[in-house]
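Colleague: I would like to see how this sequence folds:
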Amino acid sequence: MSKEIQLHGGTITSFVDYNELLENFTCGNADMDVFLKEKAVGLTNSSETGTSGFFNDEDELVGFYSLSAAKIEIQNGYDSKTFANLSESAAYLASNVSYPAIKLDFFAVNEKHQRKHYGSAMLKRIFVGLYLTQMIANVGFVALILDATPEAVEFYEQLGFEYLHRDLEKDSRILDTYPMFIRMDTIKAIAEFIGVPDDPYNY
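Modeller: A predicted model of the protein is given here:
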């Protein structure tokens, strides 16, 4: 049985040795590396997105993520059927129908720590954080959304994400990114299975 991965996180603006931490960080995606090293602090300070880092027991920066407020728009019959349990989902032809969501803008693991299950551990911590946000602040949002690169689609599917806007299982086109989402009900179930910390304000 593999050892459970222990991670601790922090907002990027609280990193004490920011430049030193990032000097050797690369996830293999140039756009994500540039965002982390050149844009993340400014956008976090302006509240346009919130970027946090994850550290292992050796205090190495193993990965990071950025979250922002967003919305899911009902664009077609596939979306309407997918969100049939939500109010007004069938009215998309007559009016604009959208629901509040959280967007995972960036999500990356340091190359030296990839394929070691850090990615799934990081995402599960995000799930618990979103669960706590709803529980503590009583903020309404129906899903976590993201645009997955082709090589990441299977990873997100294994964690409960579904396709957004079209049934890509039946669509053979190769896209640059694949819109995906995971329902808040699914996030809650995963978070409750993992366990909510005794002191959620110190999570």
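
Colleague: ok, which stretches of this protein are helices?
Modeller: Counting by DSSP state H, the chain has helices at residues 18-22, 30-34, 40-45, 77-82, 118-137, 153-158, 184-194.

Colleague: could you list the low-pLDDT ranges of the protein?
Modeller: 1-6, 9, 12-19, 168-175, 197-203 (pLDDT under 70).

Colleague: re the thing from before, nearest to Ala108, out of the helices of the chain?
Modeller: helix 30-34 (4.5 Å; CB to CB). Yep, even glycine has a C-beta here, placed from its N, CA and C like the rest.

Colleague: contact partners of that closest one?
Modeller: If you take CB atoms under 8 Å, 6 or more residues apart in numbering as the criterion, helix 30-34 is touched by Phe25, Thr26, Cys27, Phe106, Ala108.

Colleague: try it again at 10 Å.
Modeller: Contact with helix 30-34 is made by 22, 25-27, 40, 64, 66, 105-109, 111, 149, as judged by CB atoms under 10 Å, 6 or more residues apart in numbering.

Colleague: can you give me the neighbour number for Glu88?
Modeller: 15 (other CB atoms under 10 Å).

Colleague: state the distance from it to Phe181.
Modeller: Distance of Glu88 to Phe181, given as CB to CB, to the nearest Å: 18 Å.

Colleague: do the same with Tyr131
Modeller: 16 Å.

Colleague: more neighbours: the two, which one.
Modeller: For Tyr131 versus Phe181, neighbours defined as other CB under 10 Å are more numerous around Phe181 (25 against 20).

Colleague: what's the span of stretch 45-64, first residue to last?
Modeller: 16 Å (CA to CA, to the nearest Å).

Colleague: next one: that stretch to chain centre, how far?
Modeller: Centroid separation between stretch 45-64 and its chain, computed with CA atoms, centre = their mean, to the nearest Å, is 13 Å.

Colleague: so what's the backbone phi/psi at the residue of the chain positioned farthest from its centre?
Modeller: No residue in the chain sits farther from the centre than Ala94, which is 31.3 Å out by CA atoms, centre = their mean. Main-chain dihedrals, Ala94, degrees, to the nearest 10: phi -100, psi -20.

Colleague: tell me how far it lies from Glu88.
Modeller: 9 Å.

Colleague: for the chain, which segments count as strands?
Modeller: Assigned strands in the chain, in chain order: 8-11, 50-55, 61-73, 98-109, 143-148, 162-163, 178-183 (criterion: DSSP state E).

Colleague: mind putting those strands in JSON lines, distance to Ser120 included?
Modeller: Converted to JSON lines, those look like this (distance: least, CB to CB, whole Å):
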{"stretch": "strand 8-11", "distance to Ser120": "15"}
{"stretch": "strand 50-55", "distance to Ser120": "12"}
{"stretch": "strand 61-73", "distance to Ser120": "11"}
{"stretch": "strand 98-109", "distance to Ser120": "10"}
{"stretch": "strand 143-148", "distance to Ser120": "14"}
{"stretch": "strand 162-163", "distance to Ser120": "17"}
{"stretch": "strand 178-183", "distance to Ser120": "13"}
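
Colleague: which one, of the ones you listed, ends up nearest to Ala189?
Modeller: strand 178-183 (9.4 Å).
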